[in-house]
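Colleague: Need the 3D shape of this:
(one chain, ligands or ions: 2)
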Amino acid sequence: MKKKVVIIIPTYNEKANIQLIVPRIFAAVAGAKNYDIHVLVVDDTSPDKTYEVVKTMMKDNNKLHLLVNPQKSGLGGAYLKGMNYAFGQLKADYIFEFDADGSHDPSRLPYFLAKIGDGYDFVIGGRYKDGGSIDPAWPLIRKFYSVVGNLVIMLVLTDFRIRDWTSGYRAISRSVYEAVVPEMTGERFSGYTWQIGFLHKAVRHHFRICEVPIHFVDRKIGQSKLGSEYIKNTLLYIFKARFEEIINSRIFKFVVTGGSCTLIQLISFYLLRHTFFASDQWLQLANFLSIELAIICNFAISNAWTFGDRCLAPHQIMPQFVKFNFGSVFSILIQLLVMTLGQKFWGLGPLITIFIPISKENLYQLLGILIGMFINFFIYSRFIWKQKPTS
Ligand SMILES: Nc1nc2c(ncn2[C@@H]2O[C@H](COP(=O)(O)OP(=O)(O)OP(=O)(O)O)[C@@H](O)[C@H]2O)c(=O)[nH]1
Ligand SMILES: [Mg+2]
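Modeller: Numbering: from 1, shown residues only. Ligands and ions are numbered 1, 2, ... in the order given. Predicted coordinates for the structure are as follows:
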């Protein structure tokens, strides 16, 4: 059966452009026999009455559709409504994002379709891929924004596989739509940030994404709707998204948990050594007790937070805690060993005063903790909070 493809064109004051682009699109895909191709114009009640022109064209083209928004809802708002309509009422398998202004060359459409045929979920028209280009006549400032913008996005999101994050020429499958759109909530996606946000979320869902080279032509008719808020919103989005990713990453949580427990261990050891266990014969016992306290805290925080997604059931807690202690045996032994070696070769005694007097034993302890930490991460993630088998 033929796959249904809906090419969504958001328009705002594109009366002259829309008349030219629609026939060019249908001509370009006339040979694509495996696809049933439709065009959906999403117009925000343009003052120039773009929608009237579309209505007239629809009279002799039953594959041309129109959605009119009573209010201007921005590029993202238009695409959201367009996608809901295309995948809903029109029952599309794929949609395209496509500009009305002639910047996107319809003759590239078959290349996108070929990639869809190869099983890709997301095909981007890439201007910076080998064979792609931007319009040499583009004002320098626009080139700068586009090139530097893409570079900043790649750096902040630390993803260099995609070269053109801001391209508005794209093919998107139903499965991407179903996974990504529920996450596209909030005011910040109503404008041009839609493009970056949508692609970023698709990347993080591990969809199959590729780029086909395109030549980007500057618009000849009408005005650009790109505003300065685009830069501000984009920067806000990428930094916030990356920050959220980092603080939600397991390695970050592991480091914070480890850091807090290290602090608990250092403080409790210090307090023990300055109170009940001041005598040097109690050195290793104080060391051991502070290690055990840190282990208990580590277990509790890890279970609730670091490995919270694999949180243990109540009946598993005790046995796993015992296992956790056994798992920490290497770390405990290393810490006791470092302390013993330190005492043997460099002795005990004062070292430095940073607000409070620090002794050599505190340094040995810290060293032991750091070495033990590396071993712990490996053991915890392999044996205690094992990844649940995927069904
Ligand atoms: N429905 C709707 N369409 C919009 C809106 N803003 C822009 N568009 C359309 O989105 C497409 C891209 O907008 P452009 O202004 O060309 O933006 P651009 O291509 O990034 O910028 P230029 O290269 O300067 O043209 C065009 O077809 C516009 O008519 C909007 O608020 N609502
Ligand atoms: Mg444009």
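
Colleague: Looking at the stretch 101-250 of the chain, which residue is nearest ligand 1?
Modeller: S224 (2.6 Å; C-beta to the nearest ligand atom). Glycine gets a C-beta too; all of them are placed from N, C-alpha and C.

Colleague: List, one by one, the residues from the chain near ligand 2.
Modeller: Taking C-beta under 5 Å from the ion as the contact definition, the chain meets ligand 2 at D99, D101, S103, R219.

Colleague: of the residues you listed, list those near ligand 1.
Modeller: D99, D101, S103, R219 (C-beta under 6 Å from any ligand atom).

Colleague: tell me, how many neighbours does the first one end up with?
Modeller: The reference is to D99. Applying other C-beta atoms under 10 Å, we find 18 other residues in the vicinity of D99.

Colleague: again, but for the last one
Modeller: Applying other C-beta under 10 Å, we find 15 residues neighbouring R219.

Colleague: Assess the claim that it and A137 are in contact.
Modeller: No. With contact defined as C-beta atoms under 8 Å, R219 and A137 do not form a contacting pair (10.7 Å).

Colleague: Output the below-cut-off pLDDT ranges for the stretch 51-200 of the chain.
Modeller: 187 (pLDDT under 70).

Colleague: how about the helices in it?
Modeller: Taking DSSP state H, counting those that start in this stretch, the helices of the stretch 51-200 of the chain run over residues 74-87, 109-117, 140-157, 174-180, 193-204.

Colleague: right, and the ones you listed - which one's nearest W346?
Modeller: Nearest to W346, of all the helices of the stretch 51-200 of the chain, is helix 140-157, at 44.5 Å by C-beta to C-beta.

Colleague: Can you list the buried residues in the closest one?
Modeller: By neighbour count on 16 or more other C-beta atoms under 10 Å, the buried set for helix 140-157 is Y145, S146, G149, N150, V152, I153, M154, V156, L157.

Colleague: The last one: what's it in contact with?
Modeller: Which is L157. W165, H200, I238, A241, R242 (C-beta atoms under 8 Å, 6 or more residues apart in numbering).

Colleague: and V42, helix, strand or coil?
Modeller: strand (DSSP: H, G, I helix; E, B strand; the rest coil).

Colleague: wait, isn't it in contact with I8?
Modeller: Yes. At 6.2 Å, V42 counts as touching I8 under the criterion of C-beta under 8 Å.

Colleague: Which residues are in contact with each of these two?
Modeller: Applying C-beta under 8 Å, 6+ apart, one finds that V42 and I8 are jointly contacted by Y79, G82.

Colleague: follow-up on the earlier one: would you turn the helices of the stretch 51-200 of the chain into a markdown table with distance to F288?
Modeller: As requested, the helices of the stretch 51-200 of the chain are exported to a markdown table (distance: least, C-beta to C-beta, whole Å):
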| stretch | distance to F288 |
| --- | --- |
| helix 74-87 | 58 |
| helix 109-117 | 61 |
| helix 140-157 | 45 |
| helix 174-180 | 50 |
| helix 193-204 | 43 |
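
Colleague: Next, count neighbours for L289.
Modeller: 17.

Colleague: For the residue nearest to it when sequence neighbours are not counted, what is the enclosing helix or strand?
Modeller: The shortest distance from L289 to any residue other than its chain neighbours is 6.3 Å, reached at L272 (C-beta to C-beta, 6 or more residues apart in numbering). Using DSSP states H and E, L272 sits within helix 250-273.

Colleague: and that helix, which residues are buried?
Modeller: Buried residues in helix 250-273, counted by 16+ other C-beta under 10 Å: 250, 253-254, 257-258, 261-262, 264-266, 268-270, 272-273.

Colleague: just stretch 360-374 next, same as before
Modeller: Neighbour-count burial for stretch 360-374, with 16+ other C-beta under 10 Å as criterion, is recorded at K360, E361, N362, Y364, Q365, L366, L367, G368, I369, G372, M373.

Colleague: where's the last one relative to T340, distance?
Modeller: This points to M373. 19 Å (C-beta to C-beta, to the nearest Å).

Colleague: Then the fifth one?
Modeller: Separation of Q365 from T340 (C-beta to C-beta) stands at 12 Å.

Colleague: And for the fourth one?
Modeller: Spatial separation of Y364 from T340 under the definition C-beta to C-beta is 9 Å.

Colleague: need the residues of the stretch 51-200 of the chain near ligand 1, please.
Modeller: Counting by C-beta under 6 Å from any ligand atom, the stretch 51-200 of the chain sits next to ligand 1 at K72, G74, L75, A78, D99, A100, D101, S103, G168.

Colleague: Make TSV out of those and add distance to H206.
Modeller: Shown next, in TSV, are these (distance: C-beta to C-beta, whole Å):
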residue	distance to H206
K72	35
G74	28
L75	26
A78	27
D99	28
A100	32
D101	33
S103	30
G168	23
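
Colleague: For I7, what are phi and psi?
Modeller: Dihedral pair for I7: phi -90, psi 110, per degrees, to the nearest 10.

Colleague: domain ranges for this structure?
Modeller: Taking automatic domain parsing as the reference, the chain has its domains at 3-248, 250-380.

Colleague: if we look at the strand or helix carrying F239, which residues are touching it?
Modeller: Assigned by DSSP H and E, F239 belongs to helix 229-248. The contact list for helix 229-248 (C-beta under 8 Å, 6+ apart) reads 145, 149, 152-153, 156-158, 188, 191-193, 196-197, 200, 204, 252-253.
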